[in-house]
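S.K.: Provide a 3D model corresponding to the input given below.
(one chain, ligands or ions: 1)
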Amino acid sequence: MSGHKYDPSRADCLDSEERKRPEYIFSLLKVEEDDVILDLGAGTGFLTFPAAERAKRGKIYAVDVQEEMVKKLEERLEEHGAKNVEVLLSEETEIPLPDSEVNKTFMLNVLHELDDFSTLNEVHRVMKKNGGLLIVDWDKQKVTKNGPPSHVRLTKEEAVEILEEKDFKMIDTGSTQDHYWVIGER
Ligand SMILES: C[S@@+](CC[C@H](N)C(=O)[O-])C[C@H]1O[C@@H](n2cnc3c(N)ncnc32)[C@H](O)[C@@H]1O
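M.R.: Reported below is the predicted structural model:
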């Protein structure tokens, strides 16, 4: 595994008060009651549990490649008690889900951590046709107080290019203070 995976000993920072509430994520890609969602690189579940409350009649797959993160997710799931969340350990370029399983995917601060963009082929495989993918990540073009070093980040334009290469249709893009976001359609 490469050296730029998020350090699980800093997991508390993922839930810090400084982080914006997930509402701004849902304002970009709305979660409906019966959505089946992949939260890829779910970390401690920053997005997983609010999404589970919105997709009451659906399901959230909280997937992460690091065992320590998966353990933390399982602990959080026990505390939260959500019945519609399933935690899964993935491989770098393999997601343990069948073809066309989910209709929405969120990748929040994950794209810059991928060792290999072929992980996005897997995202494409597990998504239903016309499903929506939202990527939000630290912008290489911005100088920020927090976040990963500039050399591991991507620009919004690079993210768009990668998604198009992986056969996602571009729906919308934008920027916040420190991040870019990109919405693609399967
Ligand atoms: C910076 S954390 C973000 C966690 C969460 N999305 C959030 O915003 O709070 C990035 C997470 O992506 C996971 N990750 C990195 N590469 C991955 C991959 N190929 N497949 C699944 N998870 C991955 C890391 O283990 C880490 O938990």
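S.K.: mind showing which ranges of the protein have poor pLDDT?
M.R.: 1-3, 15-20 (pLDDT under 70).
S.K.: Centroid-wise, who is the farthest residue in it?
M.R.: In the chain, Val143 marks the outermost C-alpha relative to the chain mean, sitting 22.3 Å out by Cα atoms, centre = their mean.
S.K.: quick one, what contacts Leu108?
M.R.: Residues near Leu108 by Cβ atoms under 8 Å, 6 or more residues apart in numbering: 25, 39, 41, 46-47, 134, 136-137. In this view, the C-beta of every residue, glycine as well, is placed from N, C-alpha and C.
S.K.: so what's the backbone phi/psi at it?
M.R.: phi -100, psi 110 (degrees, to the nearest 10).
S.K.: What of Gly131?
M.R.: Torsion angles at Gly131 (phi, psi; degrees, to the nearest 10) stand at phi -70, psi 160.
S.K.: what sits against Gly184?
M.R.: Going by Cβ under 8 Å, 6+ apart, the list of residues near Gly184 reads 132-133, 135, 163, 168-171.
S.K.: What ranges does the chain have for its strands?
M.R.: Using DSSP state E, the strands of the chain run over 36-40, 59-64, 85-89, 102-108, 127-138, 169-175, 179-185.
S.K.: The last one: how far from the chain's middle?
M.R.: Relative to its chain's centre, strand 179-185 lies at 11 Å (Cα atoms, centre = their mean, to the nearest Å).
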